[in-house]
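Trainee: With the sequence up front, the predicted model follows.
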Amino acid sequence: MEEATAHGPRTASQASSHFALEPISASVLADREARRRDAATALGLCRTGCADLDDYVLLGGFERGTIVGLSAEDEEMGVKLGLQTLAHSLCGEGSVTTGLVITPKPASTILAGLRDAVRAELKHRDIAQPEVASRTRECLERVMLSCVFDLDGLWEALADLDRPADSGTTQGTRDEDDQGQDEEDQGQETDKGEQAKMVVDEIGDSQDDEDDELLDAQPQPQPQLESKQQEEQQPQSQPRRQRKPDPPSLPGLIIITHFSALLTSLFTHREKSAAHAALQLLGSHLRDLARNLASSPLVLLLNSTSSSVAAATEKTKMKPATAPLDATLRSIFNPPPPPGYAPHIAGPGPGPGRRSKPSFGLVFAQLLDLHLLCTRIPRTREDAEAAVTALHGHSAEVTSAAAVAVDSVWLVEVLLDDLGVWEGRKGARRDREQRWTAVDVEGARIRVAFQEREGE
């Protein structure tokens, strides 16, 4: 039997629903998204400080209010790039004034890397050496660091951002004000009681005028002197009621380092279905923070890569063909084999089938709006030949000598770009997928490996 409502009989689907949800047209959602991206763009882009990476690959920089993943062959390289992005904004060029770093690693390791990144950024800006120490300390004071061990700890660190920033502070201030008001009221009542006692003593003394000895023995009260003493004592108790300093502002950049370690712990200690459900919930929460938090933070997830080297063994040949790698996880420098051809496997030694792919594949990519891959490649043709010699060398001396002679650079490319570059209008957008550049690490700073791009 259908349940009746004020607007008519309720259908079965409405009766089983717990919430009265009204449908929203796509045009309304599109307008909301346009306003959100306009507001995020007005805050400014987050640049890495590497010109070619910012201008050519990212087409300006990272957009606020998005989730970006960086899968690096060497995870420390990803940490360097993330901390340099934070340092670039903290040192004066960028919209980020406060940052949050969440890591499963020791705090000393991350703080040392952040300190080196800030110093390198200040030196790049030609800041005078006497000012570097003070400016570095000032930048470090604007970064919050949270050390976690698993996904539950990550949830706790993010929960501090999700709750209203001024709710606890306001309540605490109200409690302190109420307590201070009660102390003032008690002090006023005490003063009134003392004044009343003095009046009673004065009346009693006036009634005993006949007894001169009693009048001489009992000292006359001095209200003015006592009131002055109370005024002198009252300011001494006021500093105890000073308000606490204002809490730090919401971060404009959230960096979660060594994310693959957190995912490994998740899938190790939970069943597969429960782990996937927890990860989907985390992805929704991260997206909600990036989209709806007042600071519209940029969220950087630093991931690792996994590489496989095809070996021509009987066991490998007996294995069935694996599913092809998804296009959003494959580097443009590692194209798939032509249709109908198996991956090349050469000789008895390790073949050249080494392919780096992001750890956890699509499980990690589903959390992201923008996905970058950072892998190591030989710098020149001679370095590539030396790498091949080291790969196919039959003697340990030849292999070690060739490996030492190889000079490499880091290749940063865009694997996935779901949002595109926002230009303040609806319609087609510029896409950053398959854009790439080569960078190098010089000390604690990442810079362009080649000054000029071919064809320019």
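Mentor: Arrived safely, thanks for sending.

Trainee: When you work out contacts or count neighbours from here on, use the C-alpha atoms and nothing else.
Mentor: Will do.

Trainee: can you list the weak-confidence ranges in the stretch 201-350 of the chain?
Mentor: Within the stretch 201-350 of the chain, the stretches with pLDDT under 70 are 201-248, 308-323, 336-350.

Trainee: Quick check: pLDDT value at Arg35.
Mentor: Arg35 carries a pLDDT value of 92.

Trainee: you'd agree it is in a helix?
Mentor: Yes: using DSSP: H, G, I helix; E, B strand; the rest coil, the assignment for Arg35 is a helix.

Trainee: and Ala384, backbone torsions?
Mentor: Per-residue torsions, Ala384: phi -70, psi -40 (degrees, to the nearest 10).

Trainee: oh sorry, the question was meant for Ile446
Mentor: For Ile446, the backbone dihedrals (degrees, to the nearest 10) come out as phi -100, psi 130.

Trainee: Assess the claim that it and Asp440 are in contact.
Mentor: Yes: between Ile446 and Asp440 there is a contact under Cα atoms under 8 Å: 5.7 Å.

Trainee: element containing Ile110?
Mentor: Assigned by DSSP states H and E, Ile110 falls within helix 107-124.

Trainee: Mind listing what's buried along that helix?
Mentor: Within helix 107-124, the residues scored as buried using 16 or more other Cα atoms under 10 Å are 110-111, 113-122.

Trainee: now the residue nearest to Ser356 when sequence neighbours are not counted: how far from Leu282?
Mentor: Take Ser356 and drop its neighbours on the chain: the residue closest to it by Cα to Cα, 6 or more residues apart in numbering is Ser307, 4.3 Å away. Ser307 sits 26 Å away from Leu282, going by Cα to Cα, to the nearest Å.

Trainee: When those two are compared, which one has more neighbours?
Mentor: Leu282 (17 against 13; other Cα atoms under 10 Å).

Trainee: List the contacts of the more buried one.
Mentor: Contacts for Leu282 were tallied using Cα atoms under 8 Å, 6 or more residues apart in numbering; they are Trp155.

Trainee: same thing with Gly113?
Mentor: 80, 83, 444 are the contacts of Gly113 under Cα under 8 Å, 6+ apart.

Trainee: Just the pLDDT at it, thanks.
Mentor: 95.

Trainee: ok, it to Gln451 distance?
Mentor: Distance, Gly113 to Gln451, using Cα to Cα: 26 Å.

Trainee: Then Ala428?
Mentor: 31 Å.

Trainee: which residues in the chain form strands?
Mentor: With DSSP state E as the criterion, the chain has strands at 4-5, 8-9, 67-72, 99-103, 143-147, 253-256, 298-308, 355-358, 370-378, 408-417, 436-442, 445-448.

Trainee: Mean neighbour count, these: which tops it?
Mentor: Burial of the strands of the chain is given as mean neighbour count (mean count of other Cα atoms under 10 Å); strand 67-72 ranks first at a mean of 27.

Trainee: circling back: would you confirm that the residue nearest to Ser356 contacts Phe360?
Mentor: No: counting by Cα under 8 Å, Phe360 is not a contact partner of Ser307; they are 11.8 Å apart.

Trainee: thinking again about what came up before, can you tell me which of the strands of the chain comes nearest to Gln129?
Mentor: Closest approach to Gln129 among those (Cα to Cα): strand 445-448, 17.4 Å.

Trainee: Give me the contacts around that closest one.
Mentor: Residues contacting strand 445-448 (Cα under 8 Å, 6+ apart): 49-53, 80-81, 84, 117, 120-121, 437-441.

Trainee: thinking Leu419 is in contact with His371, fair?
Mentor: No: applying Cα under 8 Å, one finds Leu419 not in contact with His371, separated by 11.1 Å.

Trainee: Can you tell me how far Leu373 is from Leu81?
Mentor: Where Leu81 is concerned, Leu373 sits at a distance of 12 Å (Cα to Cα).

Trainee: do the same with Val132
Mentor: 21 Å.

Trainee: Can you read off the pLDDT for Glu22?
Mentor: For Glu22, the pLDDT comes out at 83.

Trainee: okay, now it: neighbour count?
Mentor: 6.

Trainee: Ala159 now?
Mentor: Here the number of neighbours of Ala159 (other Cα under 10 Å) works out to 11.

Trainee: before we move on, the earlier item: Val132 and Leu81: which is more packed in?
Mentor: Between Val132 and Leu81, Leu81 has the larger neighbour count (other Cα under 10 Å), namely 22 against 18.

Trainee: where in the stretch 351-456 of the chain is pLDDT low?
Mentor: 351-354, 392-405, 452-456.

Trainee: let's see it at 90
Mentor: 351-356, 378-408, 422-431, 443-444, 449-456 (pLDDT under 90).

Trainee: contacting residues for Glu33?
Mentor: Residues near Glu33 by Cα under 8 Å, 6+ apart: none.

Trainee: repeat for Leu367
Mentor: Residues counted as contacts of Leu367 (Cα under 8 Å, 6+ apart) are 67, 280, 283.

Trainee: For the first one, give the beta-bridge partners.
Mentor: Beta-bridge pairing of Ile67, defined through DSSP bridges, involves Val299.
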